[in-house]
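Q: Provided below are the primary sequence and the corresponding predicted coordinates.
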Amino acid sequence: MINLFEVVETNQMIEKENLDVRTITMGISLLDCIDSDVKRLNEKIYQKIYDSAKDLVRVGEEISREYGIPIVNKRISVTPIALVGGAACKTPEDFVGIARTLDKAAHEVGVNFIGGYSALVSKGMTAADELLIRSIPKALAQTERVCSSVNVGSTRTGINMDAVRLMGEMIRQTALATQGQDSLGCAKLVVFCNAPDDNPFMAGAFHGVTEADRIINVGVSGPGVVKTALEKVRGENFEVLCETIKKTAFKVTRVGQLVAQEASKLLGVPFGIVDLSLAPTPAIGDSVADILCEMGLEYAGAPGTTAALALLNDQVKKGGVMASSYVGGLSGAFIPVSEDQGMIDAVTAGALTLEKLEAMTCVCSVGLDMIAVPGDTKASTLSGILADEMAIGMVNQKTTAVRLIPVIGKGVGESVEFGGLLGHAPIMPVNPFSCEAFVNRGGRIPAPIHSFKN
Amino acid sequence: MKKTIITVVGKDTVGIIARVCTYLADNGINILDISQTIVQDYFTMMMIVDTNAAAKSFGDMADELEALGREIGVVVKCQKEEIFDTMHRI
């Protein structure tokens, strides 16, 4: 039977160390909504989302109450809209209409984000894909809760450099379209390589075509719990360090598994996966950078950071995998800058640069995340940064992503406040040398040699 | 059997256990196990209770126990047992 100290330990994690379930995300397939008439398509989409997710928020709150664990976000991901809208949408404006429908449905069921305003173009773009991509700036400016993502490369297909070039322009236009809110639109736009079909985390969540009609995916969190556990093993060797992370990750993930199964049962929707990510928030004590510091670095970004992060990411997976029957999504440590107070401090202290962050993305989950760059950064430079990050993903057979925010009207030395979970960020300098001629070549980068496994 | 864990944490004072137990008895909730200790000067108690025959819903019971805790000056929390089981048992 459970003893007092185990109960106290769990509750201490929840109350003092910010252990929470970051998100319950319901994936909803919209493939059965496809229609050649735009109006009917929008009606069907709204109805399907409403019918599927009307109880999601209530059930999330009920589970939170019964187990005494905060469930921070309830969210929805849908089939990439470029596929759903392809038959009906003839202009970017038609796609923007769907974005408004998604936003309305999200408000109605009470979720704080809806992901899947997406296109999968890792090898080539259909006409609908391109229309959707070109509609992104307007769609993100006219909606509040819609998140957009575009997959522009994969290990199996290589990198679609036409899409990379276009996305550089779209990030810039999204920044311009939302400049009244410090270019906030870009915080809801992710460019991927090897995007997973079952990621529950925003802004990159979408419901892949390989998924069932509806599914429940859960993202756990708990950087604070890992950090507190490591405080107790200061000065110990790497074996002890790794074992401690692994055991803690196991406990954190078990909570996610419980919540996922419970939500699945109460909603009558199959359980998909638990995403084992260590996802920070701007709250003090909820930082991945602080874990790196606890391991012995003065700041995140100091020499040794990549090794420390590699170790952390691997141990989180090793501990988490056994704790859940199905693991998926992004699963690893997130290193968003604006959403992690320790990262912000490291940038402000001059310890962490864009180039070091790029190196860190080689060994951890995802990529260059929530990084504010000067508003006058050229579209081609943004595309160059995208291409670099996509190449890391393609060659290393991992998911990488970029969420850059060129803050219009601001430059290095200034900072930007997004508020809430999105946090605040100092503007980071970008390498000023041009890559225009490279980016403008057009076409695609072939798949790497190790993708040919047949 | 549906088991719930009730934890009570706060400054030690006369009658904490009595007040909580009275509430449980009045509402048909059977106590299966009690353990109590003082952690860092704080009164810390855990009860494992059986809520099968409870007169009230889980939510109402949790709300009322929380309110009772505020009256006595302690924090009372109700959680289903599974969260501790899944975290600490393979």
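A: Structure's in. What do you need?
Q: Name the residues of the longest helix along chain B that come out as buried.
A: Ranked by number of residues, the top helix in chain B under DSSP state H is helix B:58-72. Using 16 or more other Cβ atoms under 10 Å in any protein chain shown as the test for burial, helix B:58-72 gives B:58, B:61-62, B:65, B:68-69, B:72. In this view, the C-beta of every residue, glycine as well, is placed from N, C-alpha and C.
Q: In a markdown table, list those residues along with distance to chain A and pLDDT.
A: Formatted as a markdown table, these follow (distance: Cβ to the nearest Cβ, whole Å; pLDDT from 0 to 100):
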| residue | distance to chain A | pLDDT |
| --- | --- | --- |
| B:58 | 6 | 91 |
| B:61 | 11 | 93 |
| B:62 | 7 | 93 |
| B:65 | 12 | 94 |
| B:68 | 16 | 94 |
| B:69 | 13 | 94 |
| B:72 | 18 | 91 |
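Q: Show me the beta-bridge partners of the residue nearest to residue B:42 when sequence neighbours are not counted.
A: Closest residue in space to residue B:42, ignoring its immediate chain neighbours: residue B:9 at 5.8 Å, by Cβ to Cβ, 6 or more residues apart in numbering or on different chains. Judged by DSSP bridges, the bridge partners of residue B:9 are residue B:44, residue B:75.
Q: and residue B:9, how many neighbours does it have?
A: Using other Cβ atoms under 10 Å in any protein chain shown, residue B:9 has 18 other residues around it.
Q: for residue A:107, what are its contacts?
A: Going by Cβ atoms under 8 Å, 6 or more residues apart in numbering or on different chains, residue A:107 touches A:144-145.
Q: doesn't it fall inside a helix?
A: Yes - counting by DSSP: H, G, I helix; E, B strand; the rest coil, residue A:107 falls inside a helix.
Q: pLDDT score for it?
A: Confidence at residue A:107, expressed as pLDDT, is 97.
Q: What helices and strands are in contact with the helix-or-strand element of chain B with minimal mean pLDDT?
A: One helix or strand of chain B scores below all others by mean pLDDT, DSSP states H and E: strand B:30-39, with a mean of 90. Contacts defined by 3 or more Cβ pairs under 8 Å, 6 or more residues apart in numbering or on different chains; DSSP states H and E place strand B:30-39 against helix A:4-16, helix B:16-26, strand B:42-50.
Q: Can you tell me which of the ones you listed is nearest to residue A:284?
A: Proximity to residue A:284 (Cβ to Cβ) singles out helix A:4-16 among these, at 11.5 Å.
Q: Let me know the angle separating the closest one from strand B:30-39.
A: Here helix A:4-16 points in a direction 70 degrees away from that of strand B:30-39 (axes from the mean of the first three to the mean of the last three Cα atoms, to 10 degrees).
Q: what about the helix or strand hosting residue A:192, average pLDDT?
A: Taking DSSP states H and E as the criterion, residue A:192 maps to strand A:189-193. Regarding strand A:189-193, the rounded mean pLDDT is 97.
Q: What strands line up against it, and which way round?
A: Going by DSSP bridges, the partners of strand A:189-193 are strand A:146-154 (parallel), strand A:400-407 (antiparallel).
Q: now it: how far from the chain's centre is it?
A: Taking the mean of its C-alpha atoms, strand A:189-193 sits 9 Å from the chain's own mean (Cα atoms, centre = their mean, to the nearest Å).
Q: Same check on stretch A:283-298?
A: Distance of stretch A:283-298 from the chain centroid (Cα atoms, centre = their mean) equals 20 Å.
Q: go on, stretch A:50-58?
A: Distance of stretch A:50-58 from the chain centroid (Cα atoms, centre = their mean) equals 22 Å.
Q: That one: which residues count as buried?
A: Within stretch A:50-58, the residues scored as buried using 16+ other Cβ under 10 Å are A:52-53, A:55-57.
Q: Regarding residue A:255, which helix or strand does it belong to?
A: In this structure, residue A:255 sits in helix A:238-267 according to DSSP H and E.
Q: How far does the next helix or strand after that helix sit from its chain's centre?
A: Downstream of helix A:238-267, the next assigned helix or strand under DSSP H and E is strand A:271-275. Chain-centre distance of strand A:271-275: 15 Å, with Cα atoms, centre = their mean.
Q: Close to chain A: what parts of chain B are there?
A: Of all the residues in chain B, those in contact range of chain A (Cβ under 8 Å from any Cβ of the partner chain) are B:5, B:7, B:33, B:35-37, B:39, B:44, B:46, B:48, B:58-59, B:62, B:77-88.
Q: Return the members of the residues you listed classed as buried.
A: B:5, B:7, B:44, B:46, B:48, B:58, B:62, B:77-88.
Q: Which of the residues you listed fall within strands?
A: Judged by DSSP state E, these include B:5, B:7, B:44, B:46, B:48, B:77-80 as members of strands.
Q: Show me which pair in these is furthest apart.
A: Using Cβ to Cβ, these span at most 19.5 Å, a distance reached by B:44 and B:80.
Q: Perfect, that will be all.
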